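K.L.:
Got a sequence here, can you model it:
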Amino acid sequence: MTALLMSALAAAGFSLASLLALFGRELGARGRSYATAAAAGILLSLAFVDLFPEGLEIAAEPAISGFVAGFVFLFLTESLFRVHTHHSAEEPMHKHALGPFILGLAIHNLADGFVLGVGARAEAVTSWVIGIGILVHQVPVGISLAAVLTAARATRARVAWITVSLGLAIPIAAGLTILLPSPGDGALGFLTGAAGGVLAYVGAAHLLPEARSEYLGRATGAIFAATFVATTIGLMTILGD
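P.N.:
Numbering: from 1, shown residues only. You can find the predicted model right below:
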């Protein structure tokens, strides 16, 4: 019961942060550039400071394979199908840019739900500590989603649908983990590494170029660097699992 409660709270924290996109639809090019740069900093920090190291701790070789597979899979998919992600200043972010980003967050949220489900089998105090850690951890993830949805100028209906779907992934994964046998360390390490690879590709190949194409200014780079460093420090301290 603790895992389901904490997963619901984590989903709520993620969703509330993501719904900030509803208030940012009218941002100009400069505002979208700053928001996208901040999202890139958050995602790259999550990929390299949180997900990939966590995968290595679970199962090193599968995590490395998963990271490479996630990164290369998105690159080949875009290359083979010639999906483009850039646009002119008058056009919103292309809809295909959202696909890999949402996929990466879906894997990420499913992994967090799995961790909560596994934590339910631990001592009560340990379970609550894990739950609080994931709840706090989900807030910057939701903010990154809000920034990208704002840059994409998503409709209110689309913002709500994406936010609710990704939020529900957390309690669904937690519930299934409680009911079903847990996957082995190899599978979990691979999936965690793959989530890191996907988010690393989205941050480096999508969001950073997108931020610079929206508005080319020194502040964009400064915001990316500051967000990346701040999120990294947070993940290594108060946001750490």
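
K.L.:
Buried residues in the one helix or strand A157 maps to, which are they?
P.N.:
Using DSSP states H and E, the element containing A157 is helix 156-179. Neighbour-count burial for helix 156-179 flags 159-160, 162-163, 166-171, 173-175, 177-178 (criterion: 16 or more other Cβ atoms under 10 Å). For the C-beta atoms, the positions are set from N, CA and C on the backbone; glycine is no exception.

K.L.:
now do stretch 60-76
P.N.:
So for stretch 60-76, counting by 16+ other Cβ under 10 Å, buried means 62-67, 69-71, 73-74.

K.L.:
Figure out how far it is from the centre of its chain.
P.N.:
How far stretch 60-76 lies from its chain's middle: 16 Å, per Cα atoms, centre = their mean, to the nearest Å.

K.L.:
what about the spatially most central residue of the chain, distance to P140?
P.N.:
For the chain, the residue sitting closest to the mean C-alpha position, by Cα atoms, centre = their mean, is L105 at 3.9 Å. Applying Cβ to Cβ, to the nearest Å, the value for L105 to P140 is 12 Å.

K.L.:
Next: A152.
P.N.:
For A152, the distance to P140 - Cβ to Cβ - is 19 Å.

K.L.:
Please pull out the lowest mean pLDDT helix or strand from this structure.
P.N.:
helix 124-151 (a mean of 70; mean pLDDT, DSSP states H and E).

K.L.:
Tell me the secondary structure at P181.
P.N.:
Of the three states, P181 takes coil according to DSSP: H, G, I helix; E, B strand; the rest coil.

K.L.:
Can you report how many residues neighbour it?
P.N.:
By the criterion of other Cβ atoms under 10 Å, P181 has 6 neighbours.

K.L.:
just S79 next, same as before
P.N.:
Neighbour tally, S79, other Cβ under 10 Å: 9.

K.L.:
who's in contact with the helix or strand hosting it?
P.N.:
Taking DSSP H and E as the criterion, S79 maps to helix 60-81. If you take Cβ atoms under 8 Å, 6 or more residues apart in numbering as the criterion, helix 60-81 is touched by 52, 55-56, 83, 85, 100, 104, 185-187, 189-198, 200-202, 205.

K.L.:
if we go to 6 Å?
P.N.:
52, 55-56, 100, 186, 189-190, 193-194, 196-198, 201 (Cβ atoms under 6 Å, 6 or more residues apart in numbering).

K.L.:
Mind checking which of the residues you listed land in strands?
P.N.:
Judged by DSSP state E, strands contain none of the contacts of helix 60-81.

K.L.:
and L4, how far is that from G99?
P.N.:
From L4 over to G99 (counting by Cβ to Cβ), the distance is 30 Å.

K.L.:
what helix or strand is the residue nearest to S45 when sequence neighbours are not counted on?
P.N.:
In this structure, S45 finds its nearest non-sequential neighbour in T231, 3.9 Å apart by Cβ to Cβ, 6 or more residues apart in numbering. Using DSSP H and E, T231 maps to helix 218-236.

K.L.:
So which bits of that helix are buried?
P.N.:
220, 223-224, 227-228, 231-232, 234-235.

K.L.:
How about stretch 48-63?
P.N.:
48-56, 58-59, 62-63.

K.L.:
Now do it: distance from first to last residue.
P.N.:
12 Å (Cα to Cα, to the nearest Å).

K.L.:
about what we covered before: the helix holding S79 - what's its average pLDDT?
P.N.:
What helix 60-81 shows for mean pLDDT is 83.

K.L.:
chain center to it, what's the gap?
P.N.:
16 Å.

K.L.:
Offset the numbering so it begins at 16, please.
P.N.:
Done: numbering now begins at 16, and the last item shifts to helix 75-96.

K.L.:
which non-adjacent residue is nearest the residue nearest to the centre of the chain?
P.N.:
For L120, the spatially nearest residue (Cβ to Cβ, 6+ apart) is L181, at 5.5 Å.
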